[in-house]
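# Okay, here's the prediction I keep looking at, along with the sequence it came from:
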Amino acid sequence: MPVTSIFIQTLIGGIGIGSLYALVALGYSLVYRSMGLVNFANGDIYMAGTYFGIIWYNGMVRGLHLPYPVAFVIGVLLNAVLGIIIERIFRPLQKLDMMFMLLGTIGLGYVLDNVFTIIFGATGFAVNSPLPDTPIILFGIRVLPQMLLLISVSALLMVGLQVFLAKTKTGKAMRASAMDHDVAGAMGISVNRMNAIAFAIGSGLGAAAGILAAPIVYVSPTMGAAVGLKGFAAAILGGLGSIPGAIVGGLVFGVLEAVSAGFISSNWTQAIAFVVLLVVLMIRPSGIVGEITVEKV
Amino acid sequence: MKRIGLYLLLVLGLVLASCAPQPAAPTPAPAATQAPAATQAMPAATATAACAQPIKIGIIGDMSGTTSSLGDWMTKGVTLAVEQKNAAGGVQGCQIQIVTYDDQGNPTLSVGLAEKAATVDKVMAAFATTNSSSALADIPTFAQYKIPQLTNGTNVTITQQGSAYVFRVNPAGPAYENPVVNYLVKQGKTKFAIIGDNSAYGVGETSYQVAALKANNLTALDTESYGVNDKDFTGQLTKILQTQPEVLLLASSEVAAGLIAKQARQLGFTGIIAGGSGLASPVFISTAGDAAEGAYFTSPYPGNDANDATRAFATAYKARWGVDPEVHGANTYDGTNMLLMAMDNAHPLTPDNVAAQMHKICNYQGLQGTFCYDQNGEGINTTFLGVVKGGQLTYLPTTP
Amino acid sequence: MKKKMNITQGVLLGVAACALLVFPFVAQNSYEVHIINQAGIYILISIGLNLAMGYAGQFNLAVGPLWGVGAYTAAILNTKFGFPFWVNLPAAIILTGLIGAFVGLPSLKVRSHYLAIVTIGLGVAINIALLNGGSLTQGAMGIPHIQMPDFFGYPINSDQRYYYLILVMVILGFFIARQILAGRIGRSFRAIRDDYMAAKAMGVNTAYYQVLAFVVSAAYAGAAGALFAHLNTYISPDIFDFPATLFVLTLTMVGGMGSLVGSLVGGVALPILQEYLRVIQNWQLVAYGVAIMVVVIFMPGGVIELTRRLSGWRKNRLALVDRDASG
């Protein structure tokens, strides 16, 4: 295998897991730019969303085996509802200092993790891919159909989100509300409603990521911990609050992990990823894209 | 707005509740934990007057939270053996009571609970724990109070701490890796690569695999590691596959082993996948899917259908807990039976004497094979080599 | 801040001192002492974290792994070179403090959430270094057989005896922290926390004090690490991870961020809360999460703020009465 193919093969793995980080990072950024809240329970919300969708597909609810796309939609919607509830719980937090957000949202994370553990058990389960399990081979590079699905649906969702924010009335209202709460309020936009929508979309994206990745990664109550932390790192890397930043940050973080595991040293993969994050922030303190550097406190 | 929120909460609650019945099976299980009185109530009449209080056996482990399967399996195995003993009259006329301690998989909490078991509940012996780090952390405490500590962790260093009070109820790590490596070398394989996680378990198994290869004058073409929470191994596997190994050795827990097997096959690996007890599990097979086919594994437990003893155990276990036993349930069951035997023989019945009697156990026939404890607390050194066939764990005929 | 002590306060302090001194003798069992010892170690880390976060406004979310640096320093010096606790303690404080300075350097460039993730990330890197430290740190297997300390030939080899060592260390740590806060450093810390730009304009060397805040919090974590290693006699990398940081952060905020007494209160209250939550078994971690949310949302100042508010309310009422009487 020539070095370029090896590199591309590694890259594709990185992009796959990077799309996952990107969707989770979007959850952080959407909520942050809307209400200035860093939601550290986002990884746990991703976990919850995965269960909300997969249980319908996997026959865990009264033996039902709904088609994968239907389960996907149900999961995304249910998680959006969860997001709206969580927004209500966290509303008092948005005026508080960073460390209160950190701890308050982590407290919710504990609750979600352990409630799901109690209901569904700690062991977790594997999920069969709705697509064939044999890889597609192109120029000696092998890609799993589910991985292609994950990457392409993630890309679609990201484009869709951009269009939604730029073109629709609600999207524009959300942007206005994110820029200035007071002005938006004066214009008759309900800031709380916008926050709730941001939370719903962020949670829905988390569910989408989880349900798409489930056949690749195994489902268990612990699945959110690492993805949540890395998704946050990705959001910061791209520029917290920036939508393109979250996407770029997620992909870069995923590729960085795969490349350092494949080409440098797999013992130090995580350390390398975080040190690169540090170096980037030293050069560009507001992240790679990070055009907005609002201090919302 | 508030009403809507409440309504949504209700809907969500209903959704969650609707899924509850299926996994409800394990819920009646933890009976022995908080209400030990109930489990021993029936045969209590047989206890002699000499026995004012039941004898306590502690179980320290991960009982709640996201890695609680380990504590759950251990509790099931120990409880089954204790209940059988209690029904048969107990130890020296005394009933046995189980006290469980939840360390949440955290070694710091585990040490505190070892102290609690030793000084507050004054246990006769304790299982502590499946997690090798916590087991190691608990050793000084149990050694200080001279209380036998039983563990089913596989890390070889557990019995190298110089404690006369620690007993492993299953084989140590090398016993899992040597047979599989030796077998494959005998089949003419020479090109091995290793991938394992960076926890105490994975690092341990990796080093035993390296040692097993070295004993055959081989070195691994490549050795890669990953974090315990990693899900994508493309980077590591792509690197490994460039070295074109014939055998990919896994030093991984069940889920990661399944994911690695799957991803290795998808990346075009056609050689043999092999490893230790992480692969000897239905979880590995369900996670890996077709990729599990043909994988070699080793297990200390020959399977529920291996012989009369395992069949009897599996039937009793299923009747008590509603699920089929797996390896942890089997090895803690073995360990508990030996502990109860040592307690029968200890006169007077003190933890120190029980430990001394444990050391004397030899030629004990357990589910895992023949036990003979040495001064370090190692009791058994044999495992069963098997291969995944038709989605089932099948065992190869044992050849010495 | 300083005020004269009145008689009731004096009596209370005396009672508290006596209670602390005789605690190991009246404790029901050594498990209670063990829990309190562990709490004392967390309190030390918490005091450091409080100085950095509560007073200087610097997020040091690497205190868990830094605690590990202290513990590993002591463990390696003891098991590989045979040095006693009394040498290892200052060594751990110094080395951890130095590494704390490195962790603090990014604070000159990034702030708030960005600083949070950078310190979390550096903590992960430290933890991985402990894991991959080869024969020096003995990797994932950890370091066993660390000796318990010895005080001029008197062995501190039980939880009861160790209690007094930890008590002395916590009292020392508490008063050193108070001294730090009372002086120039404390004033600069608060100035940076309250208004960074104003502090800079007033001529405070902000860079120096920001890094110093990290050094101080790391030094406290280092001392706690040495104490932990010699008490526990076995350490492994998975003890000193991000959840350890979170636990210390939680107890600090439950007690009261920005109050040294808050660290003491939280350090004792949280382990006791956990102990009581055990009775609800599976639901204990759910309840723990709910408790954290309740504290953060309804009493963000922690327990200390609550008591302060209660006493403040009483004082206000008295003041009102006084005014009424005079008017």
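Happy to help now that I have it.
# Show the average pLDDT along stretch B:179-199.
Average pLDDT, stretch B:179-199: 93.
# now swap in stretch A:173-182 and tell me
84.
# and that stretch, which residues are buried?
Using 16 or more other CB atoms under 10 Å in any protein chain shown as the test for burial, stretch A:173-182 gives A:173-178, A:181. For the C-beta atoms, the positions are set from N, CA and C on the backbone; glycine is no exception.
# same for the one helix or strand B:Met343 maps to, what does it pack against?
Counting by DSSP states H and E, the element that carries B:Met343 is helix B:327-345. Here helix B:327-345 touches strand B:55-61, helix B:69-87, strand B:125-128, strand B:149-151, helix B:308-321, helix B:351-360, strand B:362-366, going by 3 or more CB pairs under 8 Å, 6 or more residues apart in numbering or on different chains; DSSP states H and E.
# how does it look with 7 Å?
Helix B:327-345 is packed against helix B:69-87, helix B:308-321, helix B:351-360, strand B:362-366, with contacts defined by 3 or more CB pairs under 7 Å, 6 or more residues apart in numbering or on different chains; DSSP states H and E.
# from memory B:Thr129 sits against B:Gly61, does it?
Yes - assessed by CB atoms under 7 Å, B:Thr129 is found in contact with B:Gly61 at 4.6 Å.
# just to revisit the earlier point, could you give the angle of the helix holding B:Met343 to helix B:69-87?
Relative orientation of helix B:327-345 versus helix B:69-87 (axes from the mean of the first three to the mean of the last three CA atoms, to 10 degrees): 40 degrees.
# same question for helix B:327-345, mean pLDDT?
Average pLDDT, helix B:327-345: 94.
# show me where pLDDT drops low in chain A?
A:1, A:290-297 (pLDDT under 70).
# one more time with 80, if that's ok
A:1-2, A:94-95, A:97-98, A:290-297 (pLDDT under 80).
# Pull up the gap between the residue of the stretch 51-200 of chain C found nearest chain B and B:Arg168, please.
Across the stretch 51-200 of chain C, the shortest distance to chain B (CB to the nearest CB) belongs to C:Ala140, at 4.1 Å. Plainly put, C:Ala140 is 18 Å away from B:Arg168 if you go by CB to CB, to the nearest Å.
# go on, A:Ser152?
Look at A:Ser152 and B:Arg168: by CB to CB, they are 50 Å apart.
# Repeat that for B:Met338.
Going from B:Met338 to B:Arg168 by CB to CB gives 11 Å.
# And B:Ala346, by the same measure?
Note on B:Ala346: its distance to B:Arg168, by CB to CB, is 20 Å.
# Which of the three states applies to B:Leu385?
Here B:Leu385 takes the strand state, with states given by DSSP: H, G, I helix; E, B strand; the rest coil.
# Dig out what it forms beta bridges with.
As for beta bridges, B:Leu385 partners with B:Thr298 under DSSP bridges.
# May I see the buried residues of the helix holding B:Met343?
B:327-343, B:345.
# Identify the residue of chain B closest to chain A, quick one.
Closest contact between chain B and chain A, by CB to the nearest CB, is at B:Thr234 (2.5 Å).
# can I assume B:Thr370 sits in a strand?
Yes - under three-state DSSP, B:Thr370 sits within a strand.
# re the thing from before, what's the residue of chain B closest to chain A in contact with, if anything?
Residues in contact with B:Thr234 (CB atoms under 7 Å, 6 or more residues apart in numbering or on different chains) are A:9-10, A:13, A:258, B:263.
# pLDDT value on it, please?
Looking at B:Thr234, its pLDDT reads 86.
# just C:Phe85 next, same as before
For C:Phe85, the pLDDT comes out at 96.
# Verify the stated contact: it with C:Ala229.
No - with contacts counted by CB under 7 Å, C:Phe85 stays clear of C:Ala229, the gap being 8.9 Å.
# okay, the two: which has more neighbours?
Taking other CB atoms under 10 Å in any protein chain shown, C:Phe85 and C:Ala229 do not tie; C:Ala229 has more neighbours (30 against 23).
# So that one versus chain B, what's the distance?
12 Å (CB to the nearest CB, to the nearest Å).
# A:Ile151 too?
Separation of A:Ile151 from chain B (CB to the nearest CB): 13 Å.
# That residue sits in which helix or strand?
Using DSSP H and E, the element containing A:Ile151 is helix A:145-167.
# chain center to that helix, what's the gap?
In terms of CA atoms, centre = their mean, to the nearest Å, the gap separating the centre of helix A:145-167 from the centre of its chain is 12 Å.
# right, and the helix or strand after it?
Counting by DSSP H and E, what follows helix A:145-167 is helix A:169-179.
# list the helices and strands that following helix packs on?
helix A:3-35, helix A:145-167, helix A:191-217.
# Quick one: distance of that helix to the chain centre.
Computed by CA atoms, centre = their mean, the chain-centroid distance of helix A:169-179 equals 21 Å.
# Can you show me the CA trace of the helix or strand that comes right after that helix as PDB?
Per DSSP H and E, the first helix or strand lying C-terminal to helix A:169-179 is helix A:181-186. Only the C-alpha atoms of helix A:181-186 are listed here, as PDB (Å, rounded to 0.1, in the frame of the first residue of the first chain):
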ATOM      1  CA  HIS A 181     -30.600  40.000  23.900                       C
ATOM      2  CA  ASP A 182     -31.900  43.400  24.700                       C
ATOM      3  CA  VAL A 183     -32.300  44.600  21.200                       C
ATOM      4  CA  ALA A 184     -33.900  41.400  20.100                       C
ATOM      5  CA  GLY A 185     -36.200  41.600  23.100                       C
ATOM      6  CA  ALA A 186     -37.200  45.100  22.000                       C
END
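# Need the contact partners of helix A:181-186.
A:176-177, A:191.
# Check stretch C:101-110 too.
Residues from elsewhere that reach stretch C:101-110 (CB under 7 Å, 6+ apart): A:278, A:281-282, A:285, C:58, C:60, C:62, C:115, C:118-119, C:122, C:207, C:210-211, C:213-215, C:218.
# End to end on that stretch, go ahead and measure it.
15 Å (CA to CA, to the nearest Å).
# Show me what residue of the stretch 51-200 of chain C gets nearest to chain A.
C:Gly121 (3.2 Å).
# what number of residues lie near the closest residue to that residue other than its chain neighbours?
Using CB to CB, 6 or more residues apart in numbering or on different chains and skipping the chain neighbours, the partner closest in space to C:Gly121 is A:Phe274 (3.2 Å). Around A:Phe274 there are 25 other residues, counting by other CB under 10 Å.
# Check the one 10 residues further on too.
Other residues within reach of A:Arg284 by the criterion other CB under 10 Å amount to 15.
# Distance of it relative to C:Gln210?
From A:Arg284 over to C:Gln210 the distance is 20 Å, taken as CB to CB.
# Then B:Thr336?
B:Thr336 is 57 Å from C:Gln210, by CB to CB.
# quick one: low-confidence ranges for chain B?
Using pLDDT under 80, the flagged stretches of chain B are B:1-52, B:64-68, B:397-400.
# just checking, what packs against the helix holding A:Ile151?
Under the contact definition 3+ CB pairs under 7 Å, 6+ apart, helix A:145-167 sits against helix A:3-35, helix A:169-179, helix A:191-217, helix A:243-259.
# Out of these, which is closest to B:Ser299?
Nearest of the helices and strands packed on helix A:145-167 to B:Ser299, taken as CB to CB: helix A:191-217 at 25.7 Å.
# How about the helix or strand following the closest one and chain C, touching?
Next helix or strand after helix A:191-217 toward the C-terminus (DSSP H and E): helix A:223-238. Yes - contact between helix A:223-238 and chain C, assessed by CB under 7 Å from any CB of the partner chain, occurs at A:232-233, A:236.
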